[in-house]
Every structure is written in structure tokens, then in C-alpha cells.
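Asks: I would like to see how this sequence folds:
(4 chains)
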Protein chains: 2
Amino acid sequence: MPEPLVVLEDFLPYRLNVLAGLTSSALAQIYAERFGLSIPAWRVIVTLGQYELRTARDMAPDGVMHKSTVSRAVSALEKRGLVVRRPNLDDRREEWLALTPEGRAIYEAVAPEALAVEERLLAVLTSDEQKMLSSLIDKLTQQARLLAPRDVGEGDA
Amino acid sequence: MPEPLVVLEDFLPYRLNVLAGLTSSALAQIYAERFGLSIPAWRVIVTLGQYELRTARDMAPDGVMHKSTVSRAVSALEKRGLVVRRPNLDDRREEWLALTPEGRAIYEAVAPEALAVEERLLAVLTSDEQKMLSSLIDKLTQQARLLAPRDVGEGDA
DNA sequence: TGCTATTGGTTGCTAGTGCAACGATTGGCG
DNA sequence: CGCCAATCGTTGCACTAGCAACCAATAGCA
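Replies: Residues are numbered from 1 along each chain as shown, chains lettered A, B, ... in the order given. Here you go, the predicted model:
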């Protein structure tokens, strides 16, 4: 009698969550089970593999990860000997982070496999569809950033 | 020198996670802050608003939510008087769930606002792009389900 | 009928996450 | 120079979520 106002399986945020969850799950098989990396740790590894030298704060440029999350991920990686901290003498509040040789080895082992998963995912789309998807994600992300309470940015003040 | 193997901000699973997180965050403003609902609780409410009578197990048809998550969400909603349980005499393992009048009132208050958020999100896309997006999400979700370890389905056995 | 496997659902335990408060350092400005 | 505000990062705390073990009920089958 009371007709549905929202059909959950058609609801965009729900569908995005499901999709994101499934892809994370697919990826976790690799970096969690095989390399013992959490999602934040994986992101730190990839970022350092990409940029070589970054501060903890740079790890979440768009505020995707909370700084406490980054802090703990880095600590864990340091304890495992995959990441080193080097004080920044110009600004002793922050520290430079870099991969150790072991860290880079893991990066070079994980990254291709992660890319393979992405590729298998995208294999169901044509090249045009992939471009379209990328564009749509960008537009939606930009808009979502406007609607979200705040960029999770800071929180201190 | 070591050229990046993965560029995180181009990596599809990462981008999907960011987008999903931002939309969840935008939605949470409504159902969390204004109505005190968690994500699982919100999903239960919406599902019962949609189907009227469901079992706890039906709440996560695609295994998106773990059954323990559903269980606790239902308990909380029952305690708040938003949901009632009714034994199913034909199979006393399961219970029928339904919204109370108060639960339905909340549903009718939340649902339009959630839809409004979705609409504001989709406002940056043309009608054709929206159709395209829907199709792309479906294709990717289907594929991701194949790549994910398992549907999070059960786990007992 | 009786025995085992399966299913719906709950709960104890543990790990992860965000928030808020904090310490340390630096920047800005009177 | 000296003080207040802002910034980087850490940590205690509370909450959530998932896993696994469990109970109750049913189904399948000898």
C-alpha cells in the first residue's frame, strides 16, 4: 500500500558503496592475504612508490584518510621495516617518509597484481566506456565534495 | 628514477572508494546527524519501507551487509521502537520485521531528503550520462562480484 | 523415527577507524 | 623579542564491523 519512496537497489550512493566494497574485497585478497597490508598501508606504500619522498600529511591530499589512520599505518610499516622516517631539518614538525629496499620490493610485487585486478575489472568495458566512466567519476566526485560536510580535512581548530 | 607503477589517483578501486566515501558522508549528514541512524539502520529502514515485511536475512540480498551487522541494527531499531519483530509460525527460525508507525514516520521523513541528495549529486550529469553511469555501475558490479573472494554470503560452514 | 547437515539469527572477541585532546614546532604580527 | 594562532603528528577513547563460535529450528535421508 505505501508505495516505496526509495528503491535501495536503484539508489546511487548504495550502488556506489556496494561496488566500492566489492572491488576493495577483490583487491584485499592480494594486498591483505598475500602481503599483510591493510588498506591504509597499501595506500602509503603506493604513494611512496609513486613519489619516493613524502610527509605523512601528503598521504591523504584530498583528506580521504584521517591523519590518525595514516599515522598508525606508517608506524606499522616502520615496525615491519618497509618504511623509514627521516627528520626534516627545515621543519621539525614533519618527517620525510620513504620506502626501504624491502618496502620497494613489496611495492614492486604488489603493484602489478593490483593493476591486474583493475584490468580484469575494466575488461568488461570498451575503451570508450572506460573513458566515459573516468569522466563520470570525476564529475561526481567533484560534486560530492561540495555536498559532503567537509573534506575530513582537519578538525583540530 | 623508479617510475611509478601505480598512480593512486588514477587507480579505479581507489577512485571508487573515494567517491563512495564522499557520498556516504554527504548522506550521513542527514540520516546520522538528524535522525540518529547508522548506515545499516538506514538500510533496514529503507528496505522495510520498500517491502513492508521482510526477514533479517532479506536485508542483505547480495551479501552486502554481514548478518551480524543486520542483527545489531535491527536490535537497535527495535529498542527505539521503530521496528517490530513478529515470529514466523511457519518457520520459527526466522522472524518477520516491519516498521512501526514511528518507524514509518521516520522513513517518510528521511527518504525524500536522501533522494534530494542523490538528485543534487546527479544534477551534474545529463540524462544520457546518468543512464550511462547506471549501466557502467551494473557491469562493473557484476564483474567485481566474480573477482571478489566470495559474496560475503555466509561463513558458517 | 532418529541422525546429520543446513539455515536463521545472536553474541563474545578482536581489529580497525574517527574524534578529540595533546605535545612539539613554526609562523605571523604587534 | 614575545605571544598567540596555526600546523604536523601521536595517542587515548569509544564505537563499529567482521569473524567465528554458538543456539534453535528445520530439512533431508537412511
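Asks: quick check: residues of chain A near DNA strand D?
Replies: Contacts of chain A with DNA strand D, taken as CB under 7 Å from any atom of the strand, map to A:55-57, A:67-68, A:70-72, A:74-75, A:93-95, A:154, A:156-157. Where you see a C-beta, it was placed from the backbone N, CA and C, and this is true even at glycine.
Asks: go again with 6 Å.
Replies: Remark: the part of chain A in contact with DNA strand D comprises A:55-57, A:67-68, A:71-72, A:74-75, A:93-95, A:156-157, using CB under 6 Å from any atom of the strand.
Asks: let me know the closest of the residues you listed to B:G36.
Replies: A:S68 (24.7 Å; CB to CB).
Asks: show me where chain A has strands.
Replies: A:54-55, A:83-87, A:95-99 (DSSP state E).
Asks: those strands into JSON lines, with extra columns for mean neighbour count and distance to A:Q29?
Replies: Formatted as JSON lines, the strands of chain A follow (neighbours: other CB atoms under 10 Å in any protein chain shown; distance: least, CB to CB, whole Å):
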{"stretch": "strand A:54-55", "mean neighbour count": "16", "distance to A:Q29": "27"}
{"stretch": "strand A:83-87", "mean neighbour count": "15", "distance to A:Q29": "23"}
{"stretch": "strand A:95-99", "mean neighbour count": "19", "distance to A:Q29": "23"}
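Asks: out of those, nearest to chain B?
Replies: Across the strands of chain A, chain B has its closest neighbour in strand A:95-99 (9.2 Å, CB to the nearest CB).
Asks: the closest one vs chain B: in contact?
Replies: No. Strand A:95-99 lies out of reach of chain B by CB under 8 Å from any CB of the partner chain, never closer than 9.2 Å.
Asks: hmm, back to that, turn the strands of chain A into JSON lines, columns for distance to A:T141 and mean pLDDT.
Replies: Converted to JSON lines, the strands of chain A look like this (distance: least, CB to CB, whole Å; pLDDT from 0 to 100):
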{"stretch": "strand A:54-55", "distance to A:T141": "22", "mean pLDDT": "92"}
{"stretch": "strand A:83-87", "distance to A:T141": "28", "mean pLDDT": "94"}
{"stretch": "strand A:95-99", "distance to A:T141": "26", "mean pLDDT": "95"}
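Asks: where do the helices of chain A begin and end?
Replies: Remark: helices assigned in chain A by DSSP state H are A:12-28, A:39-51, A:67-79, A:101-122, A:127-147.
Asks: so can I have JSON lines of those showing mean pLDDT and mean neighbour count?
Replies: What follows is the helices of chain A, written out as JSON lines (pLDDT from 0 to 100; neighbours: other CB atoms under 10 Å in any protein chain shown):
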{"stretch": "helix A:12-28", "mean pLDDT": "94", "mean neighbour count": "22"}
{"stretch": "helix A:39-51", "mean pLDDT": "95", "mean neighbour count": "22"}
{"stretch": "helix A:67-79", "mean pLDDT": "96", "mean neighbour count": "17"}
{"stretch": "helix A:101-122", "mean pLDDT": "96", "mean neighbour count": "16"}
{"stretch": "helix A:127-147", "mean pLDDT": "96", "mean neighbour count": "16"}
